[in-house]
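Novice: A structural model of the following input is requested.
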Amino acid sequence: MQKKIRKFHTKSKLNTRITLLKNIYLKENHQVTFLEKFKKEKKEYDIVKKNWGYYATPSINKRLKKFGYECVITKNSQNKFFLCLVNKDMKKKFKSYLQKDDQKIVCWLSSKNLKLIDNL
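Specialist: Model prediction:
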């Protein structure tokens, strides 16, 4: 585990200061749940370690939606892509942030925007 709190700045236009509080090592099928209280609502966000990688979010069309988040892919001016979870009540702030940081929305990940690809 990390002993010292690390602080650094992003390389984005906003140069936001980030504070890394903890490093967490998960074993296979272990989960970390982040809790948030927004207004009077309790919200959750889960990450699960699998033997092939991670489930990075709860189901985007069920539990993530139930907790008031929407999933979106964004792209910055350095051609980097990001997966973001947006509080549905904070979309104006999110769009303002994107504009200030010179980012664009690539796609909202919702049932209506996604289709099954014949893979494997």
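Novice: what residues of the longest helix anywhere in the chain count as buried?
Specialist: Using DSSP state H, we find that the single longest helix of the chain is helix 91-100. For helix 91-100, a neighbour-count test (16 or more other C-beta atoms under 10 Å) marks 94, 97-98 as buried. Glycine gets a C-beta too; all of them are placed from N, C-alpha and C.
Novice: partners of residue 48 in the sheet?
Specialist: Beta-bridge partners recorded for residue 48 (DSSP bridges): residue 31, residue 55.
Novice: if we can go back for a sec, is it possible to get a markdown table of the buried residues of helix 91-100 that adds pLDDT and distance to residue 28?
Specialist: Formatted as a markdown table, the buried residues of helix 91-100 follow (pLDDT from 0 to 100; distance: C-beta to C-beta, whole Å):
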| residue | pLDDT | distance to residue 28 |
| --- | --- | --- |
| 94 | 96 | 33 |
| 97 | 93 | 35 |
| 98 | 95 | 35 |
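Novice: chain center to stretch 28-41, what's the gap?
Specialist: The gap between where stretch 28-41 is centred and where its chain is centred comes out at 12 Å by C-alpha atoms, centre = their mean, to the nearest Å.
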